[in-house]
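Student: missing the sequence, but the structure's below:
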């Protein structure tokens with residue numbers, strides 16, 4: 001399920017922060033855990049304030065870059081300042097307004113699945129950007145679409161987390177996953193900011209082995225670049241030459 005274009009809670013929060021200052025954080029409600037918050041200042045962080053996984057991804061980025069789900073534009077700005085040609089893509093019109101105010105030059109208001117016709121050297125999907133696939137069933141077609149956006153020697157840099165640790169374990173080490181889930185990393189989210197509330201949307205957290213298996217089916221090499229301290233990792237995907 002995609003966020004409706006006429007409901008832009010995320011974009012409104014970013015605009016409010018940029019134009020009026022810090023007053024409140026974004027709250028996330030999920031099917032998996034209690035309410036959590038996304039501190040708005042964190043979305044405007046500098047390279048030095050980013051976790052090692054994000055720093056490594058930005059260091060590996062090359063050539064013409066598509067920043068998928070760019071948010072407030074912090075990743076794209078860093079790469080643009082390094083001299084790379086960056087296109088910032090987001091379904092949130094408000095987020096792109098903020099990116100423009102911060103200095104990003106090329107902005108595209110679209111979902112990644114509705115975007116086509118241009119090829120890049122690097123696709124950047126950070127802050128669990130693979131979650132845009134929504135669920136495991138859609139992952140194959142999602143990866144195939146990403147491949148169509150790459151130049152012949154292009155790469156996909158993405159991070160995600162294995163959230164198996166969030167489920168209850170039995171005495172034998174097994175994990176209890178609700179029966180309605182086809183895969184434990186499928187989560188339903190809703191975000192709120194002040195009095196606004198988004199529609200529910202599907203999100204995917206993906207363990208590396210499952211990602212690797214699906215990449216093999218799509219004829220993509222999948223490299224584990226670095227693992228983080230919180231079950232997270234950075235992967236580099238390169239389509240195999242046919």
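Tutor: Looks like it arrived, so ask away. Since we're looking at a predicted model, the values are computed, not measured.
Student: and the residue nearest to the spatial centre of the chain, what does it touch?
Tutor: When C-alpha atoms, centre = their mean is applied to the chain, the residue found nearest the centroid is residue 129 (1.7 Å). Contacts for residue 129 (C-beta atoms under 8 Å, 6 or more residues apart in numbering) come out as 68, 69, 158, 159. All C-beta spots, glycine's among them, are computed from the backbone N, C-alpha and C.
Student: pretty sure the first one contacts residue 131?
Tutor: No: Residue 68 is not in contact with residue 131 according to C-beta atoms under 8 Å; the separation is 10.8 Å.
Student: tally of neighbours for the closest residue in space to residue 13 that isn't next to it in sequence?
Tutor: Using C-beta to C-beta, 6 or more residues apart in numbering and skipping the chain neighbours, the partner closest in space to residue 13 is residue 193 (4.1 Å). Neighbour count of residue 193, defined by other C-beta atoms under 10 Å: 21.
Student: and residue 145, what element?
Tutor: helix 139-148 (DSSP states H and E).
Student: where does the protein dip in pLDDT?
Tutor: Applying pLDDT under 70 to the chain flags residues 1-6, 168-181, 242.
Student: and the strands in it, which stretches?
Tutor: For the chain, the strands defined by DSSP state E occupy 26-30, 36-38, 64-68, 85-90, 106-109, 120-125, 150-161, 186-193, 196-197, 201-204, 220-227, 232-239.
Student: redo those as JSON lines? Include distance to residue 144.
Tutor: Rendered in JSON lines, the data for the strands of the chain read as follows (distance: least, C-beta to C-beta, whole Å):
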{"stretch": "strand 26-30", "distance to residue 144": "28"}
{"stretch": "strand 36-38", "distance to residue 144": "30"}
{"stretch": "strand 64-68", "distance to residue 144": "15"}
{"stretch": "strand 85-90", "distance to residue 144": "18"}
{"stretch": "strand 106-109", "distance to residue 144": "20"}
{"stretch": "strand 120-125", "distance to residue 144": "13"}
{"stretch": "strand 150-161", "distance to residue 144": "11"}
{"stretch": "strand 186-193", "distance to residue 144": "20"}
{"stretch": "strand 196-197", "distance to residue 144": "33"}
{"stretch": "strand 201-204", "distance to residue 144": "16"}
{"stretch": "strand 220-227", "distance to residue 144": "9"}
{"stretch": "strand 232-239", "distance to residue 144": "10"}
